[in-house]
Every structure is written in structure tokens, then in C-alpha cells.
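Chemist: test case, fold it:
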Amino acid sequence: MLEKFLTKTSFDSQADFIANFKINVPENFNYGYDVVDAWAEKAPEKKAICWTNDQGEHHDFSFADLKKYTDQTAAYFQSLGIEKGDMVMLILKRRYEFWFSIIALHKLGAVVIPATHLLTKKDIVYRAHAAGIKAIVCVGEKEILTHVAQALPEAPSVKQLVSVGPLTPEGFDDFHKGINQASPFVRPARVNTNEDTSLMYFTSGTSGNPKMVIHDFTYPLGHIVTGNYWHNLHPDSLHLTIADTGWGKAVWGKLYGQWIAGATVFVYDHEKFTPADMLGMIQKYRITSLCAPPTIFRFLIREDLTKYDLSSLRYCTIAGEALNPAVFDTFYKLTGIKLMEGFGQTETTLTICTFPWVEPKPGSMGIPNPQYEVDLLRPDGSKAEDGEQGQIVIHTKNKKPIGLFKEYYRDPERTYEAWHDDIYYTGDVAWRDEDGYYWFVGRADDVIKSSGYRIGPFEVESALMTHPAVVECAVTGVPDEIRGQVVKATIVLANDYRDKAGDELVAAIQSHVKQVTAPYKYPRIVEFVDELPKTISGKIRRVEIREKDENSCDL
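Modeler: Numbers count the residues shown, from 1 in each chain. As a prediction, this is how the structure comes out:
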């Protein structure tokens, strides 16, 4: 399948990759027809999905199965009046019906809006109004159904509610009954152009209402690099990305690039993450490739890995937040596998990463994906030198890269703020070393300016996380008359240390940070809390901590 989209598919160095990597974009590309159905024709029995859940159920789906079920789903959606350009929200957790639905909607030229099951009535109403959502397909669980039903009277654009079960209350259509009774699917005469919108994500919103990020139909091709040259997949791979389908990480790791590479996607549908269960899945199903955020790996390395046969696991990638070097070192010591870090946003595909031919530097994001023209800019717009902090940007003067978003839907002001004068500003700050590796510092708004120094929260947080008392932490700047700002650490303590919270532990943590990183970066203020404020996607809301501290100062 890869040969269909690339002139050259194998690379042995970054220089070779930069010089020869080129995506050949078909006219009116549609992932449903050009990848899923193409696999069904080329290798119908090839396994596409290996799905299991924490109730012991198991289903394998070949590409022939996927063509059958996605066609049935597309025909069913047509019977509900869903057509090209319609906005459809999917709240499907890790149910296999997600894959049926997203591919079916691609085949219709509709717009898919993946969403988390954590949405409340208020969240659903906001999204329905903001995007003009026409239909919602959701898991038939009481809490989810209740929130969706409660939102309906205040969401007049929503015309259809569909449940995939187990419950299908009054007012909801039965998904499985619908696809089983659907007429044979007839492909619409004109499905899409490459520029049409196919996918929308509501960003997690660390401040203000979430933005609506829209992508065109070529977006899946941007994930060729994700699947082939970051996850390092091939047709014999069984790949697990730990992510709920409501988040962008799901299409990064459980769909687009993986199937273009010909790999099988492993899905474990579980209610609560348990490290032992996940390790058991890797052992039982002989998973070969794993991608997860650093938080997951932190939990895994706390387990006794000698109890599990992980010999099938060949390759591990990590993204979602900056990687603490201590996690890299411990995982490598326990498994012999180096964690290959990657960086990107909802607005992009993989932007910076550690490729298979690149030696990882623990804590570094890696080097730029040649698909994007990546740079670092100072606040005045000039280029940052090696070793100097700057905002990560993407130049678009020569071309709009495949995988870069179209715009923030219905929000030209926010779009222009982030993307103007042929430069897309990521809002993330990093520095680059002399070898071209990028090192994450923090969000531009999170960087602390103290006594003339620019201090990135991540480096201080990394130092804090190596202290045994610290389970979770957030580093922010607090206004200070003399220094401008001082560093503050808000810390969740490990259970064994909670009764020791006090001045002595504060001093010990401060001393530890001084030894691990530059002494001027140590937190002058330390606060112990039971939990950190987070977005619905689990990202720490440092802005909330800052606002609370600023309000306290005003008082």
C-alpha cells in the first residue's frame, strides 16, 4: 500500500529521508476507498483489527470485514439523511463501532467529530451549537445516554441520535439493527475533493472555550510518517496505541498511518487503566509495537516486568507530553527498548520525532519531520540560535504541508492569531542543540521569567519527578516585586509522604531540584495539593494555578 503513495519507501538516514521523501497525493483522495477498500481488494483476509475488552470478548476484523461493515454503516447513515458535509459526533470510547463509523462517514464525505465520553450536557450543547452537529452516535451506557438526551432540547441542529448498545432507549436509533437492515450501499457520485473538510476536533482548551480544528481529506496521508517512520510498522506488526477514540491520538495511532503501513491495530477496550492488565495484553496477544504517553510508561515501570513475557515487543514510541529522561532510562534498563519520542498537535500530524535511524537523546523530542519546515523563532520574529529558546513554528510559504489543519472553524481571528504571514505558530517553546535535536521547554504562556532568566516548567518538573515523594507536579510562575516572577511547584505527594508534608519536606525537595538542575531554577514556593486542575483530556491547567495565585496577590 505504501508504494501507492510514495516514490521511495525505504530510508537509511535523515539526509536520505529529507532528500527523497515525497507523498504522491491522488486526486479526490478518500481514505475509505483508497486505503480500506483497496486493502480489501488486494488482501481481503489480512487482519485489520484485533479487538478485545475487559469482559473477555474478542473480535478480529479483516479488511474484507471492514469493507462489508463500513459499507453497511454508510448505507445506514444514508438512510438517516446523513450526507456530504454533515457534521456527525462519535462518542464511542474504544468500541469497534468507532472504526465502522469513521470510515463510513469518510465514504459519505461527511465530517467526523470524535469526542470523549466524559462530555457533560453542557459540553455537548456547546459543541452542537458551535459546529452545527446533525447526528450523534454514542455508546449505549446510562451516563452517556443521559447527557446526550439532556442536551437534545438545547441542540436543535441535532436530528438523529444513535446508540451502539448495550442500551437503546426511546429517542435513540439502534445502530446494529440499522446496519443489518440497511440497503446495499451505493457510493455517492461525488464524495469529496482533497480540500473538503473530513475531520474536526475540539481541542482540550487549557484556557477559554475549546477551538474547532478542522482537517481536509488528505490529512490521513500526513500520518504515513507516523505509522511507517515513527512507529516503524510493517505488514507483520501488531500495534497498540493507548488512547480513547475521543482524542486525536486515536487516529494518530489506531487508524490512518497504521493501515497504510499494512499493520494490524490492537484495541483493548477497558474501563480503567491497570498496568498489570495492559502488560498481560502485550504478553497474551504478542504485541510488537506500543505507543503511549509518559504517564502510562511511568505506571508500567513500577510493575515487576519480570513477571511478563514481553519478548514480542520490539518498538516503543512515546508522545502526549514531554518525556522525563528518568522514565527513558528505567524502561531501557528493564526492557532493552529505547523510547522514541514524538511531538505534534491536534492541528498537525507528527512534527518532530526520533526516527528509527536516529539515536534518541533521553528527554529530546527528536528532529523535525521533513514533511514540515520547522523552525524556532524569538519573540521578535527572528531566528533563534542553537541553544537558545524559541517558539516552534512551521513555515508555509512554499506550500501547506500535508497534515496541517485548514483553520479553526468559524473563528478567523483565532486562525490568524496562530497562522499568519505564512507561519504557523505552535505556541510551544523549545531549544535546539548543535546536532539538530529539539528539547521541549513548555507552552509559550507557561515560560517563567525570573531575574532575567527564562525558565521552562518542564525541566523543573522533570527534576521534581525524580524525587520519590512526588507523584505529580505543575510548575508555574508567581508574581514577585523583585524578581518579576518566582518559580512555584504545586505537588501531589506519594501516599507514603502525605503525612510528612511540611517545611522539612519542602526543603528536601528544593535541595533535590538544585542538585538535579541549575540551582536558580529551584521552586522558591512549594504547595502540596490532593490533585492538580486538569482539562477534560487530562492535561494540567497551569493557567488555573497561575490565575489563583495572581488573584491571591491582588488581595
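Chemist: what is the longest helix belonging to the chain packed up against?
Modeler: What stands out as the longest helix in the chain, according to DSSP state H, is helix 63-79. Helix 63-79 sits against helix 38-42, strand 47-53, helix 97-108, helix 175-181, with contacts defined as 3 or more CB pairs under 8 Å, 6 or more residues apart in numbering; DSSP states H and E. (C-beta placed from N, C-alpha, C; glycine too.)
Chemist: can I get those in JSON lines with distance to Lys68, mean pLDDT and mean neighbour count?
Modeler: Formatted as JSON lines, those follow (distance: least, CB to CB, whole Å; pLDDT from 0 to 100; neighbours: other CB atoms under 10 Å):
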{"stretch": "helix 38-42", "distance to Lys68": "8", "mean pLDDT": "98", "mean neighbour count": "16"}
{"stretch": "strand 47-53", "distance to Lys68": "12", "mean pLDDT": "98", "mean neighbour count": "19"}
{"stretch": "helix 97-108", "distance to Lys68": "10", "mean pLDDT": "98", "mean neighbour count": "27"}
{"stretch": "helix 175-181", "distance to Lys68": "10", "mean pLDDT": "98", "mean neighbour count": "16"}
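Chemist: could you dump those to a markdown table with distance to Asp480?
Modeler: Converted to a markdown table, the helices and strands packed on helix 63-79 look like this (distance: least, CB to CB, whole Å):
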| stretch | distance to Asp480 |
| --- | --- |
| helix 38-42 | 59 |
| strand 47-53 | 51 |
| helix 97-108 | 48 |
| helix 175-181 | 57 |
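Chemist: so which of these comes closest to Trp230?
Modeler: Closest to Trp230 of the helices and strands packed on helix 63-79 is strand 47-53 (CB to CB; 20.1 Å).
Chemist: could you pull out the helices for the stretch 401-550 of the chain?
Modeler: For the stretch 401-550 of the chain, helices defined by DSSP state H, counting those that start in this stretch occupy the ranges 412-418, 457-465, 503-516, 542-554.
Chemist: buried deepest among the ones you listed, which one?
Modeler: Of all these, helix 457-465 carries the top mean neighbour count, a mean of 24, counting by mean count of other CB atoms under 10 Å.
Chemist: just to revisit the earlier point, mind checking the helices and strands packed on helix 63-79 for the one nearest to Ser511?
Modeler: Ranking the helices and strands packed on helix 63-79 by proximity to Ser511 (CB to CB) places strand 47-53 first, at 47.0 Å.
Chemist: could you measure the residue nearest to Ser13 when sequence neighbours are not counted against Phe11, distance?
Modeler: Take Ser13 and drop its neighbours on the chain: the residue closest to it by CB to CB, 6 or more residues apart in numbering is Trp357, 5.5 Å away. With distances taken as CB to CB, to the nearest Å, Trp357 is found 7 Å from Phe11.
Chemist: same thing with Ala104?
Modeler: 34 Å.
Chemist: how near is the residue nearest to Ser13 to Met340?
Modeler: Taking CB to CB as the measure, Trp357 falls 11 Å from Met340.
Chemist: more neighbours: the two, which one.
Modeler: Using other CB atoms under 10 Å as the criterion, Trp357 and Met340 rank with Met340 on top: 23 against 14.
Chemist: in three-state terms, label the more buried one for me.
Modeler: Assigned by DSSP: H, G, I helix; E, B strand; the rest coil, the conformation of Met340 is strand.
Chemist: okay, and the beta partners of it?
Modeler: Thr317 (DSSP bridges).
Chemist: use 392 as the first number from now on
Modeler: Fine by me, first position is 392 from now on; the one you just mentioned is Met731.
Chemist: which residues touch it?
Modeler: By CB atoms under 8 Å, 6 or more residues apart in numbering, the residues touching Met731 are 621, 623, 706-709, 744-747, 751, 757.
Chemist: quick revisit: what do Trp748 and Phe402 both touch?
Modeler: Residues touching both Trp748 and Phe402 (CB under 8 Å, 6+ apart): Phe408.
Chemist: the residue nearest to Ser404 contacts Ala406, doesn't it?
Modeler: No. When contacts are counted by CB atoms under 8 Å, Trp748 is not listed as touching Ala406 (9.7 Å).
Chemist: quick one: the residue of the chain most remote from its centre and Gly843, what's the gap?
Modeler: Farthest-out residue of the chain from its mean C-alpha position, per CA atoms, centre = their mean: Ile873, at 39.7 Å. Noted for Ile873: a distance of 12 Å to Gly843, by CB to CB.
Chemist: compute the number of surrounding residues for Leu923.
Modeler: Leu923 - counted by other CB under 10 Å - has 16 other residues nearby.
Chemist: tell me the confidence at it?
Modeler: Note on Leu923: pLDDT of 92.
Chemist: please identify which of the helices and strands packed on helix 454-470 is closest to Tyr763.
Modeler: helix 488-499 (23.9 Å).
Chemist: sorry, back to before: pull out the buried residues from the contacts of Met731.
Modeler: By neighbour count, with 16 or more other CB atoms under 10 Å, these hold 621, 623, 706-709, 744-746, 751, 757 as buried.
Chemist: tell me where the model's unsure across this protein.
Modeler: For the chain, the stretches with pLDDT under 70 are 595-599, 928, 944-946.
Chemist: find the residue at the geometric middle of it.
Modeler: For the chain, Lys640 is the residue whose C-alpha lies nearest the centre (CA atoms, centre = their mean; 2.9 Å).
Chemist: which SS class is it?
Modeler: Lys640 is classified as helix under three-state DSSP.
Chemist: how about it, what does it touch?
Modeler: Contact analysis of Lys640 by CB under 8 Å, 6+ apart lists 632, 634, 684, 710-711.
Chemist: which one of those is nearest to Gln674?
Modeler: Thr632 (17.8 Å).
Chemist: need phi/psi at that closest one.
Modeler: phi -110, psi 130 (degrees, to the nearest 10).
Chemist: if we ignore the residues flanking it in sequence, what's nearest it?
Modeler: Gly644 (2.6 Å).
Chemist: what's the spacing between the one you found and Leu624?
Modeler: With CB to CB as the criterion, Gly644 and Leu624 are 10 Å apart.
Chemist: cool, and Asp428?
Modeler: Distance from Asp428 to Leu624, by CB to CB: 20 Å.
Chemist: cool, and Asp921?
Modeler: 41 Å.
Chemist: ok, now Cys441?
Modeler: Using CB to CB, Cys441 is found at 14 Å from Leu624.
Chemist: cool, and Lys930?
Modeler: Relative to Leu624, and taking CB to CB, Lys930 is found at 27 Å.
Chemist: which of those two has more neighbours?
Modeler: More neighbours surround Leu624 than the other of Lys930 and Leu624, with 25 against 15 (other CB under 10 Å).
Chemist: contacts only, for the nearest residue to Trp490 once chain neighbours are set aside.
Modeler: Counting by CB to CB, 6+ apart, Ile440 is the residue found nearest to Trp490 once chain neighbours are left out, at 6.3 Å. Ile440 is in contact with 450-452, 457, 487, 490, 655-658, counting by CB under 8 Å, 6+ apart.
Chemist: just put those in a markdown table and tack on distance to Tyr828.
Modeler: Compiled in a markdown table, the contacts of Ile440 are given as follows (distance: CB to CB, whole Å):
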| residue | distance to Tyr828 |
| --- | --- |
| His450 | 42 |
| Asp451 | 40 |
| Phe452 | 39 |
| Leu457 | 39 |
| Tyr487 | 39 |
| Trp490 | 36 |
| Thr655 | 32 |
| Val656 | 30 |
| Phe657 | 30 |
| Val658 | 33 |
